[in-house]
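Enquirer: Take this sequence and fold it.
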Amino acid sequence: MERKRILAWEMWGILFIALAGSLLHFTFELSGGWRPMAVISAVNESVWEHLKIGFWPALVWAVIEFFAFGRRSRNFIFAKGISLLTIPVVIVGLFYGYTWIFKTDSLIIDILIFIISIVVAQIISYRINILQKRRLSGNMIGAVLIIAGIISFSLMSYYPPKCPLFRDGVTGGYGIIGHQHQDK
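Expert: Model (predicted):
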């Protein structure tokens, strides 16, 4: 019965993460550019900012799941650390893969990639959570991944490296500093 319960939580997480992430795409603009909102919201159209809107809702859902069943799961932290890493890895791989092949990008495909990354991450989380053997080293790795994600996604909108992952395809800017559209 516990497997079915965990599976149900992970599947509901797909809906929560997708909806919350979609909302976070617009919350920075809706806040009037309130700088603290940049921690969790997309501040521009770079790939990095789209990774962030998958990470934060997945982290919030993980906290909710922790109280629902996570304390009883032997590998919960490992499962969530890996799933939080999976979302950006899948998005980056599929986005750069299809844009390299087709030499263009598509909003519909980008949205599908976002959803696919969430589905894959939640399935991986489920598979790790139902493992019977405790993976203490896995849980330590998961904790490191979660902490690294929190630090990276909190800081890199303010201090982005000058590389393609962080470049706004619309303005050519980087992070919150490069947010303003250059229509002049």
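
Enquirer: CA only for contacts and neighbour counts going forward, please
Expert: Fine.

Enquirer: residue contacts, the residue nearest to Ile82 when sequence neighbours are not counted?
Expert: Distance criterion CA to CA, 6 or more residues apart in numbering; nearest residue to Ile82, sequence neighbours excluded, is Gly142 at 6.3 Å. Contact analysis of Gly142 by CA atoms under 8 Å, 6 or more residues apart in numbering lists Ile77, Phe78, Ala79, Lys80, Gly81, Ile82.

Enquirer: Name the SS class of Gly142, please.
Expert: helix (DSSP: H, G, I helix; E, B strand; the rest coil).

Enquirer: would you list every one of the helices in this protein?
Expert: Under the criterion DSSP state H, the chain contains helices at 2-30, 47-68, 76-102, 107-129, 136-155.

Enquirer: my guess is Val43 meets Ile176, correct?
Expert: Yes. Between Val43 and Ile176 there is a contact under CA atoms under 8 Å: 5.8 Å.

Enquirer: List the residues that are in contact with both of those two.
Expert: Ser157.

Enquirer: Name the residue in the two with the higher neighbour count.
Expert: Neighbour tally, Val43 and Ile176, criterion other CA atoms under 10 Å: the higher count belongs to Val43, 31 against 20.
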